[in-house]
Every structure is written in C-alpha cells, then in structure tokens.
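[1] Prediction below, plus the sequence it came from.
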Amino acid sequence: MCPQCYSLKMHRLLFLYLEQQTDIFHARLRVLDIGPLQYVMETFYALQNLHYSAIDKWPMISDKKMNLTELKIPDATYDCVICMDTLEYLSDDRHAMQELFRILKKGAWAIIQSRVDQDADRTLESTSFASFEERQKYFISSGHVRLYGRDYGTRLEEAGFLVKQRRFAIELGPVMIQRCSLSQSDIIYICHKPS
C-alpha cells in the first residue's frame, strides 16, 4: 500500500492503464465511478473534460448513495464506468453486471475489477459460509460473499459485455513493475458494450 495515497497494486495498475490506454484524460466523457478511491476522485473531479460522478454505499465518500443492483440511472447514460472491488460484496452480482451494462451507451466501455483467484476454475460462492471466520477463510474478506475464479470474464460476458483480459503490468515491463510495485499476475477486465 502506498503510504501517501493508500493505493494498492491493482489501483496503481488501473490508473496507469487509464492514463496510457484510454482517452479519459482528454476526451469529453460522462464517467461513473463505483466505490471510488479518494485520490482517483480528486484527480477526475479536477479534469475539465469529464462529467464525473461517484456512487458508493457510503455517501460521505461519494456523490450519492446508491445500490448497484437498483441503479436510479437512465439507460445508456455513461461513456465509461469504473467499478473496483464491489461485486464480491453483492448477493446478486449478475443483476449488478446487467445494471452496469444497461447504463452504458452503445460502444462505451467499463473496467469492472474484482478479486479473482486465478488458480480456481470456477467462482466459489455459498450461503452456508455464515460466520465471520468462514467468510474470511474462503472469500479472503469477511464482507465478501464469493471469491471469483477464472470464470469471472464469462460471467461478465453473460451480462452482454465483450470482455478483453489484459495483463497490463507485463506490457509495462520490469522497470515500471518495480517502480510502481505492480503484480504481474493482475488482470484488467475491459468490458465493452457492443455498438
């Protein structure tokens, strides 16, 4: 964790991806950030080209408190959605994925990141893990209700997205990996809504 901005490895990788592989810093875009990080919010609010909104279950962190499975947002509103580490907390993640698909404009894109166990073929989810200790053991965090496996991309595709998985840290090379303390195994899930 960065001692100044409190970003984790995946957060830094995502920021580098947005900076180098998208037009988010230059184009006029409507952007929705779900579960925003403070330093990302501060950066994006300062950009004159963005119409930036942030939602979270904690309204003091974001613009609005909103449930991801019941977004009070019209269809085809956003050019870009960023959703970090949120779906693993939701009992109905598939409906949340459909909602994310619904609010994107045709041809728009989203980055929808969750913790994924790359050693597991399938997502582990069970309502039988009721105790704090069991959820901590099986899902990495007591607040999670699942731990995604390598089928995570397929679940996003089932919601309608065209999904591209990129190991972007490897593309950046060893110098940037060391300098930014990145993980080579992290995958960015870039999700497009077909035109």
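    Yes, it's here.
[2] From here on, just use CA atoms for contacts and neighbour counts.
    OK.
[3] Run through who's touching stretch 69-88.
    With CA atoms under 8 Å, 6 or more residues apart in numbering as the test, stretch 69-88 has contacts from 29-36, 66, 92-93, 95-96, 99-100, 102-106, 108-115, 144-148.
[4] Any idea how far apart the tips of it sit?
    End-to-end distance for stretch 69-88: 13 Å, by CA to CA, to the nearest Å.
[5] and it, which residues are buried?
    69, 77-84, 86-88 (16 or more other CA atoms under 10 Å).
[6] Among these, which are located in strands?
    Using DSSP state E, 78-84 are the members of the buried residues of stretch 69-88 that sit in strands.
[7] Same list, these, but as TSV with pLDDT and distance to residue 55 please.
    Below are these laid out as TSV (pLDDT from 0 to 100; distance: CA to CA, whole Å):
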residue	pLDDT	distance to residue 55
78	98	13
79	98	16
80	97	14
81	98	11
82	96	11
83	95	10
84	90	12
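[8] Give the next helix or strand downstream of the lowest-mean-pLDDT helix or strand in the chain.
    Across the helices and strands of the chain, mean confidence by mean pLDDT, DSSP states H and E is lowest for helix 132-139: a mean of 58. Per DSSP states H and E, the first helix or strand lying C-terminal to helix 132-139 is strand 146-147.
[9] Relative to the whole chain's centre, how far out is that next one?
    15 Å (CA atoms, centre = their mean, to the nearest Å).
[10] re earlier: from the contacts of stretch 69-88, list just the buried residues.
    Of those, these count as buried by 16+ other CA under 10 Å: 29-36, 66, 93, 96, 99-100, 102-106, 108-115, 144-148.
[11] and of the ones in strands among the buried residues of stretch 69-88, the nearest to residue 194?
    Lowest distance from residue 194 to these (CA to CA) belongs to residue 79, with 12.4 Å.
[12] list the helices and strands the longest helix seen in the chain packs on?
    The longest helix of the chain (DSSP state H) is helix 9-21. With contacts defined as 3 or more CA pairs under 8 Å, 6 or more residues apart in numbering; DSSP states H and E, helix 9-21 has these neighbours: helix 168-172.
[13] Keeping just the C-alphas, turn the helix it packs on into PDB.
    Output of helix 168-172 as PDB, limited to C-alpha atoms (Å, rounded to 0.1, in the frame of the first residue of the first chain):
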ATOM      1  CA  PHE A 168      -1.100  -4.900 -18.500                       C
ATOM      2  CA  ALA A 169       1.800  -4.900 -15.900                       C
ATOM      3  CA  ILE A 170       3.700  -7.300 -18.100                       C
ATOM      4  CA  GLU A 171       3.200  -4.900 -21.100                       C
ATOM      5  CA  LEU A 172       4.600  -2.100 -19.000                       C
END
